[in-house]
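Chemist: coords please:
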Amino acid sequence: MNQTIDTIIFDLGGVLVDWNPVYLYKKVFNTHEKVTWFLENVCTSDWNVEQDGGRTIAEANAQKIKECPEYKTEILMFYDRWEEMFSGSIEQMVKIQQYLIHQTNYKVVALTNWSAETWDRGVALFPFLKDFDEVLVSGKENTRKPFDEIYKLALKRFEIENPATAVFVDDNLNNVLAARKNGLHAIHYKSTLQYIEELQKLNIKIGL
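Modeler: As a prediction, this is how the structure comes out:
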C-alpha cells in the first residue's frame, strides 16, 4: 500500500456541497418535529437513495404518493423544489478541489450518489462540478455506493489500474469502508482540516 498516489476521487454531497432536505422542509412545516417526522417516515433517505441508484423521479413520486396520499403536495416538493435543499458549497473544500485541478498533476475525479435527472440542475447551481477530469454519476449507471459494482466501474472508467494509487473521500462511513474493501485509500470526511491532514499522510501537499 506504499504506492504513489496519482488520482484523487471526491464524493460531492457533504464534501463539496451542503445538501440536506431539512433546508427545504423547514420552510414547509412549522416545527422541527414535523420536519423530522416527515423525513423519517415519508420522504426518507431509503426512498431518496433509490433515485441515486437509477429509479426515475416519476416512479419514486408515484410510489410514495400511493403510500402517503395525504402528503402528495409535500412529496412533489422534494424534486420540484430540490434546489432549496442546498445551503451552498463547502468553500474550503472547493478551494482544495480547484487547487488540485489547476495547480497539480493529479487526476481529479468524482464518484457521486446522485440522481441522473437532477445532475444537470446541480451543475447549474455549482459550475465548479464541471471542472473535474471526469464524474461518475450513480443514477446514470443504475448502481450506487456502497455497492462493489460502482467502485469497480469507477476504477475502469477513471483508468485506475492499481486502486492503491488513488485516494477517495466521502462523508458516509459505509461508502468509505466499501472503497477500502475495493483497494482504495479512503478518507472519512469530517472537516477540511482533517482531510488536509489525511492527505499529508499520503504525501499530498495542499498549498493554500
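Chemist: does residue 198 touch residue 187 like I think?
Modeler: Yes: taking CB atoms under 8 Å as the definition, residue 198 is a contact partner of residue 187 at 4.5 Å. Yep, even glycine has a C-beta here, placed from its N, CA and C like the rest.
Chemist: pick out whichever of those two has more residues nearby.
Modeler: More crowded of residue 198 and residue 187, by other CB atoms under 10 Å: residue 187, with 22 against 18.
Chemist: from residue 18, how far out is that one?
Modeler: In this view, residue 187 and residue 18 are 18 Å apart by CB to CB, to the nearest Å.
Chemist: and stretch 148-155, how far out from the chain's middle?
Modeler: Stretch 148-155 sits 15 Å away from the centroid of its parent chain (CA atoms, centre = their mean, to the nearest Å).
Chemist: now it: buried residues?
Modeler: Within stretch 148-155, the residues scored as buried using 16 or more other CB atoms under 10 Å are 150-151, 153-155.
Chemist: looking at those residues, which are in strands?
Modeler: Nothing among these maps onto strands, per DSSP state E.
Chemist: can you pick out the most distant pair from those residues?
Modeler: For the buried residues of stretch 148-155, the maximum inter-member distance is 9.9 Å, found between 150 and 155 (CB to CB).
Chemist: which strand or helix spans the closest residue to residue 88 other than its chain neighbours?
Modeler: In space, and not counting its chain neighbours, residue 88 is closest to residue 18: 6.0 Å by CB to CB, 6 or more residues apart in numbering. Following DSSP states H and E, one finds residue 18 within strand 17-19.
Chemist: what does the helix or strand following that strand rub up against?
Modeler: Using DSSP H and E, the helix or strand that follows strand 17-19 in sequence is helix 22-28. Helix 22-28 is contacted from outside by 32, 35, 38-39, 74, 77-78, 81-82, 84-87, using CB atoms under 8 Å, 6 or more residues apart in numbering.
Chemist: for the longest helix that the chain contains, name the packing helices and strands.
Modeler: Criterion DSSP state H: the longest helix present in the chain is helix 91-103. Under the contact criterion of 3 or more CB pairs under 8 Å, 6 or more residues apart in numbering; DSSP states H and E, helix 91-103 touches strand 107-112, helix 192-201.
Chemist: just name the most buried of those.
Modeler: strand 107-112 (a mean of 24; mean count of other CB atoms under 10 Å).
Chemist: and the angle from that one to helix 91-103?
Modeler: Here strand 107-112 runs at an angle of 140 degrees relative to helix 91-103 (axes from the mean of the first three to the mean of the last three CA atoms, to 10 degrees).
Chemist: which other helices and strands contact strand 107-112?
Modeler: Packing partners of strand 107-112 (3+ CB pairs under 8 Å, 6+ apart): strand 7-10, helix 91-103, strand 134-137, helix 148-157.
Chemist: between these, which gets nearest to residue 124?
Modeler: In terms of CB to CB, the element of those nearest to residue 124 is strand 134-137, at 14.4 Å.
Chemist: confidence score at residue 2?
Modeler: With respect to pLDDT, residue 2 has a value of 54.
Chemist: now do the domain split for the protein, please.
Modeler: Listed domain ranges for the chain are 7-16+90-201, 19-85 (source: automatic domain parsing).
Chemist: that older thread, can you redo the buried residues of stretch 148-155 as a markdown table with pLDDT?
Modeler: Shown next, in a markdown table, are the buried residues of stretch 148-155 (pLDDT from 0 to 100):
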| residue | pLDDT |
| --- | --- |
| 150 | 98 |
| 151 | 98 |
| 153 | 98 |
| 154 | 98 |
| 155 | 98 |
